[in-house]
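[1] 3D model of this:
(one chain, ligands or ions: 2)
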Amino acid sequence: MSAHYNTHPSLPLDQLELAPLSTISWSKLEANDPAETQRLLDACMQEGFFYLNLQGTQLVAKEYTLLDMMKNYFHQPHEVKMEDHSESVTDGCAFYLFCLPTYKLSDTADSRLSAGTLERASTLGTAARLALQISYQNLIEKSPEVPGTINKNYELVSNWVFNSQSITKTILSRLSDAFELQGSARFENNHREEKESTTTLVMLHYPQNSNADCGGLNPHTDVGSLTLLFTPQWGLQVWSPTKKDREWLWVEPRPGHAIVNVGDTLRFLSGKRLMSCVHRVLPTSGQNQEEDRYSIAYLIRAESDVTFKDSRRTITTARCCLEGCRRFW
Ligand SMILES: O=C(O)CCC(=O)C(=O)O
Ligand SMILES: [Fe+2]
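    Ligands and ions are numbered 1, 2, ... in the order given. Next up, the predicted model:
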């Protein structure tokens, strides 16, 4: 099954410079191993990106089943997909064209990029990628807007969301421990399931043959708290925050592992001690998307009312942060 996705058309794999990301063990984190918590903290402070070894978990067991569901969905005729179209990008359950909320580069990210790399951001209006998404809240409330495909695969999708929620909440809790945070200051206590938030599962399709102007995903930091990403395919790059000569490094897809990154909200909630690293997706040949690419991103976001100081030291909320980003694009 995985062979259908695990290709890498014309990338010279032996010549790619890979991001040297740490690998964190989920089983050790779950068992509350103090050394693993320290390694997690180091990864989130230095790179803001790490591999999470999830071998043996339900997410790894079901990854290709979910990818196959996505593949079947996205291969339907345009008119069929448009039945699930919705203008809303934050309220969840939308299939939408050309309007994925790729996030405004935060000021902190901005200063880490050269003008050259920012240029790609301006091509965003014609982006070719498509997304099927469902918010945590709409899913558990079984909102009437839940797209048919998700309703038909409710058990698969809801188990994916619950597992992703539990894993990302545990990571937040370990980071709170590492910072010795107490009570309402603890990160996980700002991400309570019963409170309103825009926590969302986004299933992405980068169509074959989209070219460099509209393919991929422009450089950005994620606006939320943590992103738990699964993809068996190449394309993701991170802007190295540590290398002196600052360059784009490829993130190798690793079977059995998710790629986790810190978003701006968690960066600000941590008083900027955690890093939200700039990343992007390139069409596989650099010019052209040589094959359909699929990725699954679980975006855990703080409760909409949670306040924090942004990079201008202005007090803002997770909700305003997201709305600002949508206006920007
Ligand atoms: O598709 C990918 O590999 C990355 C997606 C991403 O960066 C995002 O959804 O914010
Ligand atoms: Fe992202």
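[2] is the residue of the chain found nearest ligand 1 within a helix or a strand, and which one?
    Going by C-beta to the nearest ligand atom, ligand 1 is nearest to residue 295 of the chain, at 3.4 Å. Every residue, glycine included, has its C-beta placed from N, CA and C. According to DSSP states H and E, residue 295 maps onto strand 293-300.
[3] direction included, what does that strand pair up with?
    Strand pairing for strand 293-300, using DSSP bridges, gives strand 200-206 (antiparallel), strand 226-230 (antiparallel).
[4] least confident of the ones you listed, on average?
    Mean pLDDT per stretch puts strand 200-206 lowest among the strands paired with strand 293-300, at a mean of 90.
[5] and the contacts of that strand?
    Under the contact criterion C-beta atoms under 8 Å, 6 or more residues apart in numbering, strand 200-206 has outside partners 66, 70, 73-74, 90, 92, 100, 128-136, 139, 157, 160-161, 164, 215-217, 235, 281, 283, 289, 292-299, 301.
[6] returning to what we had before: spatially nearest residue to the residue of the chain closest to ligand 1 (excluding sequence neighbours)?
    residue 231 (3.7 Å; C-beta to C-beta, 6 or more residues apart in numbering).
[7] list phi and psi for that neighbour.
    phi -160, psi 130 (degrees, to the nearest 10).
[8] from residue 205, how far out is it?
    11 Å (C-beta to C-beta, to the nearest Å).
[9] what do those two both touch?
    With C-beta under 8 Å, 6+ apart, residue 231 and residue 205 have common neighbours 293-294.
[10] so, low pLDDT: which residues of the stretch 201-329 of the chain?
    For the stretch 201-329 of the chain, the stretches flagged by pLDDT under 70 are 211-214, 241-246, 286, 311-312, 318-329.
[11] what do you get if the cut-off is 80, keeping everything else the same?
    209-220, 240-246, 284-288, 309-329 (pLDDT under 80).
[12] residues from it in reach of ligand 1?
    By C-beta under 6 Å from any ligand atom, the residues of the stretch 201-329 of the chain that approach ligand 1 are 202, 204, 217, 222, 227, 229, 231, 235-236, 279, 281, 295, 297.
[13] and which of those residues is nearest to residue 273?
    residue 222 (17.1 Å; C-beta to C-beta).
[14] spatially nearest residue to residue 283, not counting backbone neighbours?
    residue 215 (3.7 Å).
[15] so the one you found: helix, strand or coil?
    Classification of residue 215 by DSSP: H, G, I helix; E, B strand; the rest coil places it in coil.
[16] quick one: contacts for residue 18?
    So residue 18 contacts 249-252 (C-beta under 8 Å, 6+ apart).
[17] tell me which of those fall in helices.
    Counting by DSSP state H, the contacts of residue 18 place none of their members in helices.
[18] need the buried ones from these selected in ChimeraX.
    Selecting only the buried entries of the contacts of residue 18 in ChimeraX, with 16 or more other C-beta atoms under 10 Å as the criterion:
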select :249,250,251,252
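[19] biggest separation within the contacts of residue 18, which pair?
    Longest span within those, C-beta to C-beta: 249 and 252, 9.8 Å.
[20] intersection of neighbour lists for the two?
    18-19.
[21] let's have the strands paired with strand 293-300 in JSON lines, adding distance to residue 59 and mean neighbour count.
    Conversion of those to JSON lines gives the following (distance: least, C-beta to C-beta, whole Å; neighbours: other C-beta atoms under 10 Å):
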{"stretch": "strand 200-206", "distance to residue 59": "12", "mean neighbour count": "24"}
{"stretch": "strand 226-230", "distance to residue 59": "7", "mean neighbour count": "24"}
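[22] need those strands in JSON lines (columns: distance to residue 61).
    Converted to JSON lines, the strands paired with strand 293-300 look like this (distance: least, C-beta to C-beta, whole Å):
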{"stretch": "strand 200-206", "distance to residue 61": "17"}
{"stretch": "strand 226-230", "distance to residue 61": "12"}
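[23] to residue 181, which of the ones you listed lies closest?
    Across the strands paired with strand 293-300, closest to residue 181 is strand 226-230 (C-beta to C-beta), at 15.7 Å.
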